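Visitor: With the input below, show me the fold.
(2 chains)
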There are 2 protein chains.
Amino acid sequence: MYRTHTCGELRLSDKGNTVTLAGWVQTVRKLGAAITFVDIRDRYGITQLLLGEDLTSQLEQNPLGREFVLQATGTVTERSSKNANMPTGDIELTVTSFKILNKSAVPPFTIQDDTDGGDDLRMKYRFLDLRRNAVKKNLELRYAVNRAARNYLHQQQFMDIETPFLIKSTPEGARDFVVPSRMNPGQFYALPQSPQTFKQLLMVSGYDRYYQIVKCFRDEDLRADRQPEFTQIDCEMAFVEQEDILNMFEGMIKSIFKEVKGIDYNEAVPRMTWEDAMWNYGNDKPDIRFDMKLLNLKKPASVYTEKADQAALINGADFKVFDEAETVIAIAVPGCSEYTRKQTDELTEWVKRPQIGMKGLVFIKVNTDGTYKSSVDKFYAEDRLKSIADAAGAKAGDLVLILAGAEERTRKAISDLRMEMAGRLGYRKDNEFKLLWVLDFPLFEYDEEGNRWVARHHPFTSPKPTQIETMINNNPVIENAAEYLKHPYATIKANAYDMVLNGNEIGGGSIRIYQRELQEKMFAALGMDKEEQLHKFGFLLGAFEYGAPPHGGIAFGFDRLCAILGGSESIRDFIAFPKNNAGRDVMLDAPATIDEKQFDELQIKLNLKS
Amino acid sequence: MYRTHTCGELRLSDKGNTVTLAGWVQTVRKLGAAITFVDIRDRYGITQLLLGEDLTSQLEQNPLGREFVLQATGTVTERSSKNANMPTGDIELTVTSFKILNKSAVPPFTIQDDTDGGDDLRMKYRFLDLRRNAVKKNLELRYAVNRAARNYLHQQQFMDIETPFLIKSTPEGARDFVVPSRMNPGQFYALPQSPQTFKQLLMVSGYDRYYQIVKCFRDEDLRADRQPEFTQIDCEMAFVEQEDILNMFEGMIKSIFKEVKGIDYNEAVPRMTWEDAMWNYGNDKPDIRFDMKLLNLKKPASVYTEKADQAALINGADFKVFDEAETVIAIAVPGCSEYTRKQTDELTEWVKRPQIGMKGLVFIKVNTDGTYKSSVDKFYAEDRLKSIADAAGAKAGDLVLILAGAEERTRKAISDLRMEMAGRLGYRKDNEFKLLWVLDFPLFEYDEEGNRWVARHHPFTSPKPTQIETMINNNPVIENAAEYLKHPYATIKANAYDMVLNGNEIGGGSIRIYQRELQEKMFAALGMDKEEQLHKFGFLLGAFEYGAPPHGGIAFGFDRLCAILGGSESIRDFIAFPKNNAGRDVMLDAPATIDEKQFDELQIKLNLKS
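Guide: This is a model prediction of the structure:
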């Protein structure tokens, strides 16, 4: 061993002891010819070394640089000027001998919390970036979440069972990464998008509580903050209903809060239907750290919900923007009635950005003096403005923002605007955590391109028990594309649930289909013929014939969960060796070309589009 | 929840309670029209259900079959005839109502410890095979080993840090599995053969104790009991020397013995040099549950060791088989002097099998009456036979077996023969565990085909500190192929170690190179030019310039470790979904063909050899 102690553990109680430390040079401060202070750093902390005249003069020939690896032996001594900000700040090591274990070139950026390195540079030199305390804390948190999840699941009699990585390609929605098989020329393995079918087989096999913290792979065009490989806490239970899963995994997340963050999250996690989430928040993963519910002034007759809009509040004013819009939604923003023209103009520009895509923004200022001021004054008299503002829940001093346009885009836009305004108002606190279950998702989504149904969750999700008949007894074919919402399949709700934390989906799952007939009906509804069903999922259909128990499960996005617990929006900061948005590891310079010999052995060749 | 209790937990103390169980029908025994006994099984055990006349008559219409999924509610009652072999054997459930949750076709084999299913059938229906108690026990043991390893490493301040699966292809020895990148056409990721370079980078990053229980991938021609994907307990430490690693991981294995098997493995793990292992046991992973050391009667002058053979014992007898052989090795087999002609003939056939490949077998019977009887009586008088037998350590009643032939084959053959005889004598007990460290491996192995050096462990293993100079100061080129053993590189020992359990290598590792110059020298010694070094390992060489600490590590073969602890020689029994020897998952029928669309998107095509 190159050391007797770490750089984080020496205290006054060690005074007088002879110890050896090893670590990296953080700083070197020379005080004249007689004294050099060296801060030496390792995973556990920083300790100050004091080098006297002899050793200082040794450094003349062999100067120490930042990030040199140093081994130093000496006596623990009390500091004359203590540093209360460092756990080791009461002592220093009066060095009697030292050895440079390895030198370091000058790092391309500083190894500090506020580094001067840009993102690209830090990724290329990720092994140096990982030395920064900020990144180390993230990986430590990740490990703590890992431990807490495992411990909870173990206590609940879950078993970690490894499932294979080299499986069969069954692309459904997302693309598979594939792996050519040398031993089976012309054939390919696929990397799992999740262990979904395997965990279901394990339920058929009787392992009634399964978990795994496992890498999954999706070959998707990477949006910001997506990774081609990501980690899931993957769980499945047999002989359960939805309620059992919700309770079990509420328990897990609360246990993680307690273990990792020291937070006693005692209140019950609220539950919200998908319909209410869309209606009140404009999306299916509402951030409920703050209220700011939407006012649905107008919605198309065909929309998914039977809830009534409040069109009377805006109708008959001859305001074409509202009259011609499919959807009009308002939101009251607390305390912003005194926004200047410049500020409302800036907000208007914000909603017009391509990412939001609205044509404009209507506002009503609910002034503290009881008056109302609006960008649509000439269409709406003050009493009508008041009615709208009241319906939106605005109080004196609030600002009501109204968007109008096509249903889907407008709903998403007002949801984004809600998040944006909450952010500006400081409502999105990193250290406040609000969990939410979103339930009763639609089982199917309409695919306009194919005029067919696709599975909203995945093809293994069961319908609500009361709607199994609806599914079995109706033909999935959509005769009239324009009226797809009137098809019985549009009304079927899934036995599915998402866990939402601070406006992010951190986990999702469902009670599964476990009857062969229903599974076949589901595959058929998604446009898979018998042959394709058997080719892709014959093993699962087969398994359902040999005593499949009722079962269900959930998978948590481990990277995302860690990021949110760490108060960050970026998962990349919580992955030791992440890829960039082009799916590249810029440190390794991967992917890369392979040898002719490899092509030859795999019996494949390139077929590049020119 | 479909149940109030599991099928393993009800006891007499639950008598009188109303409970609900759910599980699989193990057996149905109908006693006339009045009573049916049903054994219901889940992961936790088996409980006997008692169905009275009403329910028995219900079964007339809807008979229960093996593996049906059943939910039953009733009262816990005391059995009239108790079964002491079952934890639930004191009670039965007097059923008041039941529901068939799912039916089952007749399974293709019985779900019992001694199943009638052959290997192929069991693999195809692995989801049924996994229901068997024998397989379940294996997976439970695997999970227990996983837990024990994690807990120990956590206590020792190791951190689980995930490393990427989509990396860069750097084939060294074993072949990589590769993954075409759709987003980077013409380029490929590789699946890791191990996280080797990443864990070394983590040491450079200051995470001084890293571990991971992680899947690794090797595209090798599969020998029996190899899997293309396998699991490692992968560990690395910084600021350590070999002694530190040996102590730390001796501790881990002992902790696993304690936690998983309840065994207090208190004695120190013996250490043996690679040279002694080869000399005394004929291989580098000797099984030391029994003694039976080899007697090296003759070895080629050129062989790796300077130990002297005992050729005087056999020379001058004009026995051509010995005189012309490169190597002659003997072993004393306890208590087998009374082997019949039939038995010695059978042994001779055994060593002549192609897997062993010897031309014949010489034996000396050390009879209990003090006489000696040998197959080479006419070349060796009794006193010479006695001298050989004595040197082999044979006692009265023992049988000395002697093999002669080419060095490598003969040494391997006598090692195999040693294991075979020990097996026949019952010396290889499943429940006896003997650990061993094998140390001081050669750093390089000679590659005859290329007349060059290859790394015996891997290119990141450091030479013994005292031999760094030998490596730096000598040219790796082998001028005279016939005398490669005289090249200075042949003498260099690696700072490497293997942990051996009952004759199996369960783990191996090394102290790593951490100096850029030495790493470059190593790559060059293996025939890699500068360009190739930078292309493949530029990131690692770069990292070594920024303060790389001394470090080393080890990786345990998790599948193998579990198999041995479970008393099995086959790792496949300890993997939930294993592949067969052709690398196929016969349940999934993978690998398989992929769609034209996938080829098109990946911009590759097949190039099958006709």
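
Visitor: Go through whichever helix in chain A runs longest and flag the buried ones.
Guide: Criterion DSSP state H: the longest helix present in chain A is helix A:133-155. By 16 or more other Cβ atoms under 10 Å in any protein chain shown, the buried positions in helix A:133-155 come out as A:135-136, A:138-154. Backbone N, C-alpha and C define where each C-beta goes, glycine included.

Visitor: Check those one by one and keep those near chain B.
Guide: Residues of the buried residues of helix A:133-155 in contact with chain B (Cβ under 8 Å from any Cβ of the partner chain): A:Lys136, A:Leu139, A:Glu140, A:Tyr143, A:Asn146, A:Arg147, A:Arg150, A:His154.

Visitor: Now for the fifth one: which residues touch it?
Guide: By Cβ atoms under 8 Å, 6 or more residues apart in numbering or on different chains, the residues touching A:Asn146 are A:Ile213, A:Phe558, B:Asp160.

Visitor: Surely A:Thr73 and A:Leu55 touch.
Guide: No. Using Cβ atoms under 8 Å, A:Thr73 makes no contact with A:Leu55, being 11.2 Å away.

Visitor: what residues are shared contacts of those two?
Guide: Joint contacts of A:Thr73 and A:Leu55 (Cβ under 8 Å, 6+ apart) are A:Val95, A:Ser97, A:Phe98.

Visitor: for the closest residue to chain B within the stretch 251-400 of chain A, helix, strand, or coil?
Guide: Relative to chain B, the nearest point of the stretch 251-400 of chain A is A:Glu259 (12.7 Å; Cβ to the nearest Cβ). Following DSSP: H, G, I helix; E, B strand; the rest coil, the label given to A:Glu259 is helix.

Visitor: For A:Asp430, see how far away the residue lying closest to it once chain neighbours are set aside is.
Guide: Among residues not flanking A:Glu259 along the chain, A:Ala148 sits closest, at 3.7 Å (Cβ to Cβ, 6 or more residues apart in numbering or on different chains). Using Cβ to Cβ, to the nearest Å, A:Ala148 is found at 19 Å from A:Asp430.

Visitor: again, but for A:Arg226
Guide: Per Cβ to Cβ, A:Arg226 is found 22 Å from A:Asp430.

Visitor: And those two? Which one has more around it.
Guide: Using other Cβ atoms under 10 Å in any protein chain shown, the more surrounded residue of A:Arg226 and A:Asp430 is A:Arg226, with 16 against 12.

Visitor: so where does the more buried one fall, helix or strand?
Guide: Taking DSSP states H and E as the definition, one finds A:Arg226 inside no helix or strand.

Visitor: That one against A:Glu220, yeah?
Guide: Yes. Look at A:Arg226 against A:Glu220 with Cβ under 8 Å: they come within range, at 6.7 Å.

Visitor: so can I have a markdown table of the shared contacts of A:Thr73 and A:Leu55 showing distance to A:Leu361, neighbour count and secondary structure?
Guide: Putting the shared contacts of A:Thr73 and A:Leu55 into a markdown table (distance: Cβ to Cβ, whole Å; neighbours: other Cβ atoms under 10 Å in any protein chain shown; DSSP: H, G, I helix; E, B strand; the rest coil) gives the following:
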| residue | distance to A:Leu361 | neighbour count | secondary structure |
| --- | --- | --- | --- |
| A:Val95 | 65 | 21 | strand |
| A:Ser97 | 70 | 12 | strand |
| A:Phe98 | 65 | 24 | strand |
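
Visitor: Distance to A:Arg122 for the residues you listed - can I get that in JSON lines?
Guide: Shown next, in JSON lines, are the shared contacts of A:Thr73 and A:Leu55 (distance: Cβ to Cβ, whole Å):
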{"residue": "A:Val95", "distance to A:Arg122": "32"}
{"residue": "A:Ser97", "distance to A:Arg122": "35"}
{"residue": "A:Phe98", "distance to A:Arg122": "30"}
